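Student: Sequence and predicted model, in that order:
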Amino acid sequence: MVDRDKSTATFSEQEQRQFMAAALEESRMALPGCLPNPPVGCVIVRGGEVVARGYTGSPGTPHAEAAALLALGLDADGDGLTMFVTLEPCAFVGRTPSCARTLVRSGIRTVFVGTLDPDPRNNGAGIEIMRAAGIDVHVGVLESTVLRFLAPYLLSAQRT
Ligand SMILES: [Zn+2]
């Protein structure tokens, strides 16, 4: 029998869309406080259930990914956790640390991303940081729906 990656195998395409929709729902709460940063949302799933949620707060406060990890508790073991996040986690350090690096440190094994971040400081770099650290990253879940909501906010030059 082929040894499959269980963390990935446990999510059907329907479940992937369902959890990304939950992340998108969360992201709506980011507006308007997050501006000029994009309204990003995420959920952390364990055992088929959402165990933490996060959305991007006002500039200088944690982005969605860090907010969800904080909600989960700093001592949480990332093993067995999967994150669904609407936008590629940031590779760059602005007023907050890089979310891609924060996810690597968290020990999370699998990340589903709605869409890539066209910001030139990111644009695939966040995905690369996570993959280089061995995280199983999947891009493009519910992408057209996510983009319809996010697109107007993605290329603000004032992002931090
Ligand atoms: Zn970030």
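Tutor: Sure thing, it's come through.
Student: thought C42 was touching R53?
Tutor: Yes. With contact defined as Cβ atoms under 8 Å, C42 and R53 form a contacting pair (7.2 Å). For glycine as for every other residue, the C-beta is placed from the backbone atoms N, C-alpha and C.
Student: neighbour count winner among those two?
Tutor: Using other Cβ atoms under 10 Å as the criterion, C42 and R53 rank with C42 on top: 35 against 20.
Student: Give me the distance between the more buried one and the ion.
Tutor: Here the criterion is Cβ to the ion, to the nearest Å. By it, C42 lies 10 Å from the ion.
Student: Just grab the bridge partners of that residue for me.
Tutor: When bridges are called by DSSP bridges, C42 pairs up with G54, V85.
Student: So it versus Y153, what's the distance?
Tutor: To Y153, C42 is 16 Å away according to Cβ to Cβ, to the nearest Å.
Student: Check E25 too.
Tutor: For E25, the distance to Y153 (Cβ to Cβ) stands at 17 Å.
Student: Of those two, which one has the most company?
Tutor: Legend: neighbour count by other Cβ under 10 Å for E25 and Y153, higher for Y153 (18 against 14).
Student: pLDDT wise, what is that one at?
Tutor: If you check Y153, the pLDDT there is 92.
Student: cool, the one 3 residues further on as well?
Tutor: pLDDT, S156: 72.
Student: which SS class is it?
Tutor: coil (DSSP: H, G, I helix; E, B strand; the rest coil).
Student: now it, nearest residue through space, not along the chain?
Tutor: Distances taken as Cβ to Cβ, 6 or more residues apart in numbering put P36 closest to S156, at 4.4 Å, once the chain neighbours are dropped.
Student: surely that neighbour meets P152?
Tutor: No. Using Cβ under 8 Å, P36 is not in contact with P152, being 11.6 Å away.
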